[in-house]
Structure formats: C-alpha cells, structure tokens
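Visitor: The following comprises the amino acid sequence and a computationally predicted model.
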Amino acid sequence: MIHNKFSTLMGARREKITAVAKATGLSRTTLTNLYYDRTASVATITIDKLCTYFGCNVGDLFECEHK
C-alpha cells in the first residue's frame with residue numbers, strides 16, 4: 001500500500017496550498033485533493049513539480065508499505 005505524505009510535508013514546512021499552487025503552476029484543486037488524500041493516482045509531472053518545489057524526493061511525498 002502506498003501512503004500519501006503530502007499533508008505531513010506541508011504541515012512540517014508550514015506551507016499553504018495557495019503558495020504551492022502559485023509557485024508550481026499546479027491547480028489548487030489538484031493540491032487540495034492530494035492534501036486530503038482524495039485521489040487514486042497522481043501524474044508524474046505533479047510529483048516532479050512538488051519534489052522540485054520542496055527540494056525533496058518521491059519518498060518524502062509517498063511511502064510504500066509492504067506486509
């Protein structure tokens with residue numbers, strides 16, 4: 001199972017969705033859905049833009065849990 005850690009990352013860095021949207025060009029709707037974990041898939045371009053903005057890697061945004 002893959003866990004979305006976007007909201008945790010946002011909270012730790014005290015970022016606002018509006019600021020991230022303006023800086024990345026991603027829509028507020030996309031970011032809000034990602035923040036509240038309401039999306040089943042995320043485009044690779046979205047992941048790339050978020051990793052660039054936060055200076056992180058994919059593992060900081062998503063975590064894969066194996067049982």
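Guide: Received it, and whenever you're ready, just let me know what you need. Numbering: from 1, shown residues only.
Visitor: if I look at residue 8, how far off is residue 2?
Guide: Taking Cβ to Cβ, to the nearest Å as the measure, residue 8 falls 14 Å from residue 2. C-beta coordinates here come from the backbone N, C-alpha and C atoms, glycine included.
Visitor: Between the two, which has more neighbouring residues?
Guide: residue 8 (13 against 9; other Cβ atoms under 10 Å).
Visitor: The more buried one - that's part of a strand, no?
Guide: No: per DSSP: H, G, I helix; E, B strand; the rest coil, residue 8 lies outside any strand segment and is helix.
Visitor: where exactly do the strands run in this protein?
Guide: 2-4, 62-64 (DSSP state E).
Visitor: Other residues contacting the first one?
Guide: Residues from elsewhere that reach strand 2-4 (Cβ atoms under 8 Å, 6 or more residues apart in numbering): 34, 37, 61, 62, 63, 64, 65.
Visitor: same deal with the last one?
Guide: Contacting residues not belonging to strand 62-64 are listed as 1, 2, 3, 4, 5, 47 [Cβ under 8 Å, 6+ apart].
Visitor: What is the burial count for residue 25?
Guide: Residues within reach of residue 25, counting by other Cβ under 10 Å, total 9.
Visitor: mind checking how far the closest residue to it other than its chain neighbours is from residue 66?
Guide: Nearest residue to residue 25 in three dimensions, chain neighbours excluded: residue 49, at 7.0 Å (Cβ to Cβ, 6 or more residues apart in numbering). According to Cβ to Cβ, residue 49 and residue 66 sit 28 Å apart.
Visitor: Please pick the buried ones from the contacts of strand 62-64.
Guide: Neighbour counting by 16 or more other Cβ atoms under 10 Å classes 4, 5, 47 among the contacts of strand 62-64 as buried.
Visitor: quick one: contacts for the closest residue to residue 18 other than its chain neighbours?
Guide: Among residues not flanking residue 18 along the chain, residue 28 sits closest, at 6.7 Å (Cβ to Cβ, 6+ apart). Counting by Cβ under 8 Å, 6+ apart, residue 28 makes contact with 17, 18, 21.
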